[in-house]
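Novice: sequence and predicted structure are below.
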Amino acid sequence: MKKMDVDRLNKMVDQLINQENLPGYLQKTLYLPPNIPCTKWSFLNQLTVLLSGTIDARGFKQWMEAGRSVKKGSKAFYILAPRQGKRTETVVNDDGKKEEKEKTWLYFVDIPVFRYEDTEGEELPYKKELETRTQKMETLPLIDVARKMGIPVVAGFSKIAYGIYSTSGKITLATDDQQTFLHELSHAIDHRLGNLPKFPTHDQRAMAEVVAELSACFLAHLVGLKADMAGTQRYIKSYAGRQHVAFMIGKAVERVMAIFDFVKGTAHGRVNAA
């Protein structure tokens, strides 16, 4: 990294740490999902869907009802569905009399579901909109980096995240905000550099988010975007927990520099698809 780039990163870090009142963060457009089954699922199940590289997952019969069938050989992934158990027990009252009482408890079962991408049949109404928005993503800054890494960038719908990077190698965006794309691209590069374990701890996940957001803000500066400094500061604080934001940022800087070096490497053909 050139000294000029280091100085720009250090200046940005100083602002994030020492300025309490940065200009208000920018509002993003969140493309909300159509009326598909998983929009009614729990936050955890919706996140599982996104991490599986899709925005639409359904059970075998649900796909049949939508006019589509699961492709032969496709593998399901699983969501958790609540179930209520009941049983009758004989209890002895205070007066010594026996009485039948019904007891209930809540438990969860695994439900197999399949991604839209693993089905075939009738086209769904919302797909046209997604195709149009995906085509527009070819103009995103540094899209060539994702392309050279072999990572598709597609449009999606979401109620829980503006964007998501799946470690299976896919970026899904539910907004046209450019800094959000740079955040997810930073996750992808951080993963390629070996910094995202398959089963991260809470602290590792928090640090990965800080790295991606700090990197996105820095890359935005470098490509001439109006970086959302206040949004970055607010985002990092949300993951700092009891730690001071300066401590989290300090630990993240080295990984941000590595991400930037990786981006620079694309100009010299040093990035290979996975």
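Specialist: Ah, there it is.

Novice: would you map out the domains in the chain?
Specialist: Using automatic domain parsing, the domains assigned to the chain come out as 3-34+125-268, 36-122.

Novice: so, low pLDDT: which residues of the chain?
Specialist: For the chain, the stretches flagged by pLDDT under 70 are 1-3, 267-274.

Novice: circling back: winner for burial among the domains of the chain?
Specialist: Of all those, domain 3-34+125-268 has the most neighbours on average by mean count of other Cβ atoms under 10 Å, namely a mean of 17. In short, each C-beta sits where N, CA and C put it, glycine included.

Novice: identify the residues contacting Thr54.
Specialist: Thr54 makes contacts with Arg115, Tyr116, Glu117, as judged by Cβ atoms under 8 Å, 6 or more residues apart in numbering.

Novice: that one should be in a strand, yeah?
Specialist: No. Counting by DSSP: H, G, I helix; E, B strand; the rest coil, Thr54 is not found in a strand; it is coil.

Novice: distance of the residue nearest to it when sequence neighbours are not counted relative to Leu51?
Specialist: The shortest distance from Thr54 to any non-neighbouring residue, by Cβ to Cβ, 6 or more residues apart in numbering, is to Arg115 (3.9 Å). When distance is defined by Cβ to Cβ, to the nearest Å, Arg115 is 11 Å away from Leu51.

Novice: on that earlier part again, so which of the contacts of Thr54 are in helices?
Specialist: If you go by DSSP state H, the contacts of Thr54 have nothing in helices.

Novice: from those, which land in strands?
Specialist: Counted as lying in strands by DSSP state E, out of these, are Arg115.

Novice: in CSV, list the contacts of Thr54 along with distance to Cys217.
Specialist: Below are the contacts of Thr54 laid out as CSV (distance: Cβ to Cβ, whole Å):
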residue, distance to Cys217
Arg115, 32
Tyr116, 33
Glu117, 32
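
Novice: closest to Leu30 out of the contacts of Thr54?
Specialist: Tyr116 (20.2 Å; Cβ to Cβ).

Novice: which residues touch the closest one?
Specialist: So Tyr116 contacts Thr54, Ile55, Asp56, Ala57, Arg68, Leu124 (Cβ under 8 Å, 6+ apart).

Novice: of those residues, closest to Gly241?
Specialist: Closest to Gly241, out of all of the contacts of Tyr116 and judged by Cβ to Cβ, is Ile55, at 29.9 Å.

Novice: so the closest one touches Gln46, yeah?
Specialist: No. In this structure Ile55 lies outside contact range of Gln46 using Cβ atoms under 8 Å: 9.4 Å.

Novice: can you check which residues contact both of those two?
Specialist: Cys38, Ser158.

Novice: which residues are in contact with the closest residue in space to Leu124 that isn't next to it in sequence?
Specialist: Leaving aside its chain neighbours, Leu124 sits nearest to Ala66 (6.8 Å; criterion: Cβ to Cβ, 6+ apart). By Cβ under 8 Å, 6+ apart, Ala66 lies in contact with Arg58, Gly121, Glu122, Leu124.

Novice: quick check: bridge partners of the residue positioned nearest the centre of the chain?
Specialist: By Cα atoms, centre = their mean, the chain has its centre lying nearest to Ile164, at 2.5 Å. Note on Ile164: beta-bridge partners by DSSP bridges are Thr172.

Novice: that one and Phe181 touch, don't they?
Specialist: No. Counting by Cβ under 8 Å, Ile164 stays clear of Phe181, with 11.4 Å between them.

Novice: pull up the overlap in contacts between those two.
Specialist: Residues touching both Ile164 and Phe181 by Cβ under 8 Å, 6+ apart: Ile171.

Novice: does Gln204 touch Pro197 like I think?
Specialist: Yes. Using Cβ under 8 Å, Gln204 makes contact with Pro197 at a distance of 6.2 Å.

Novice: helix, strand, or coil at the residue lying closest to Ala240 once chain neighbours are set aside?
Specialist: In space, and not counting its chain neighbours, Ala240 is closest to Met248: 4.7 Å by Cβ to Cβ, 6+ apart. Recorded secondary structure, Met248: helix (three-state DSSP).
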